[in-house]
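# Generate coordinates for the sequence data below:
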Amino acid sequence: EALVDQAEAFAGRPFFPLLEELTKGYGLIYAHGENWRVMRRFTITTLRDYGVGRKTIEDRIIEECGFLIKKFESYEGKPFENTKIMNAAVANIIVSILLAKRFEYEDTILLRLLSSVDENAQLLGSPSALLIILFPALGFLFGSTSKTIMKNRDEIYSFIQATFIEHLKKL
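Down below sits the predicted model:
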């Protein structure tokens, strides 16, 4: 009954101050209200414009798989940590769609960006961050966690902004 008769009242997402500060209310995951609906529509339209569901994306994935296979073969059967390489491959697919370029797997800028994203994912899943999310009044006890998350966010935003400004200059 609640979802049928009062769908609008239950359609929102919860509000968490730490996540609000992190995303400034934007994005698909932590946005809420009308902003979430607008972002969702925009994302679906943009993904379609960039070729999601079409052969364009498949070609980019296959191209990156070629680089990934070469990287795996370079280890000549020896054990290796593949998490960063796989994350870099996914990032390269996204970058190739948006900017028509790719990074080498050892590129220091790419590795730092992936490290920041990974660190934020780990921190947001940590007990201290979960306590801040669930009990915002306790945030003062875990200030270093929040500061690190925001520092990483700022670094990621700066990278994205600089990269897209550079790309726009080339257009």
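
# what's the average pLDDT for the helix or strand hosting Leu111?
Secondary structure here is read from DSSP states H and E; on that basis Leu111 sits in helix 108-124. Mean per-residue pLDDT for helix 108-124: 92.

# neighbouring contacts of that helix?
For helix 108-124, the external contacting residues (CB atoms under 8 Å, 6 or more residues apart in numbering) are 84, 87-88, 91-92, 103-104, 129, 145, 148-149, 152-153, 155-156, 159. All C-beta atoms are positioned from the backbone trio N, CA, C, and that covers glycine.

# swap in stretch 17-36?
With CB under 8 Å, 6+ apart as the criterion, stretch 17-36 contacts 12-16, 39-40, 43, 129, 132-133, 136, 139, 146, 149-150, 153.

# so how far is the first residue of that stretch from its last?
Stretch 17-36 stretches 16 Å from its first residue to its last (CA to CA, to the nearest Å).

# can you give me the helices in this protein?
Listed in chain order, the helices found in the chain under DSSP state H are 2-5, 7-10, 17-23, 33-49, 55-73, 83-99, 108-124, 127-134, 143-170.

# can you put those helices in TSV and add mean neighbour count?
TSV is the format used below for the helices of the chain (neighbours: other CB atoms under 10 Å):
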stretch	mean neighbour count
helix 2-5	8
helix 7-10	9
helix 17-23	17
helix 33-49	12
helix 55-73	13
helix 83-99	16
helix 108-124	15
helix 127-134	16
helix 143-170	13
